[in-house]
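Participant: sharing a model that was predicted from the sequence below.
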Amino acid sequence: MERTLATALVYNAEEGAPRIIVSGRGREAERILELAREAGVAIVKDESLALLLEPVEPGAWVPEKCWEAVARVLAFVMKIEDGK
């Protein structure tokens with residue numbers, strides 16, 4: 001059985017780095033995804049990145065080792081949002 005993993009990020013250019021808002025597995029992850037869909041938030045599937053971000057506490061900055069991968073996700077999301 002596949003266990004769903006979800007991590008929500010927020011990025012404010014003034015802060016310099018993205019933060020983890022919430023992270024969860026299983027039912028909690030499904031709820032995170034459901035809320036994102038309802039709010040119209042872009043969802044990007046990246047299992048490797050999700051696994052790297054899983055141990056990071058909510059409210060904490062994304063670790064520097066993940067910046068490049070997160071930057072790719074944010075660039076993708078911004079491109080999608082520009083097309084709306």
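Facilitator: Structure received.
Participant: quick one: low-confidence parts of this structure?
Facilitator: 1-2, 84 (pLDDT under 70).
Participant: in the longest helix anywhere in it, which residues are buried?
Facilitator: Assignment by DSSP state H gives helix 67-82 as the longest helix of the chain. Across helix 67-82, burial judged by 16 or more other CB atoms under 10 Å covers 70, 73, 77. C-beta coordinates here come from the backbone N, C-alpha and C atoms, glycine included.
Participant: could you dump those residues to JSON lines with distance to Pro58?
Facilitator: Shown next, in JSON lines, are the buried residues of helix 67-82 (distance: CB to CB, whole Å):
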{"residue": "Val70", "distance to Pro58": "15"}
{"residue": "Val73", "distance to Pro58": "18"}
{"residue": "Val77", "distance to Pro58": "19"}
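Participant: can you map out the strands along this structure?
Facilitator: Per DSSP state E, the chain carries strands over the ranges 5-10, 19-25.
Participant: nearest to Asp46, of those strands?
Facilitator: Of all the strands of the chain, it is strand 5-10 that lies closest to Asp46, at 9.4 Å by CB to CB.
Participant: report the distance from that closest one to the chain centre.
Facilitator: Taking CA atoms, centre = their mean, to the nearest Å, one finds the center of strand 5-10 at 3 Å from the center of the full chain.
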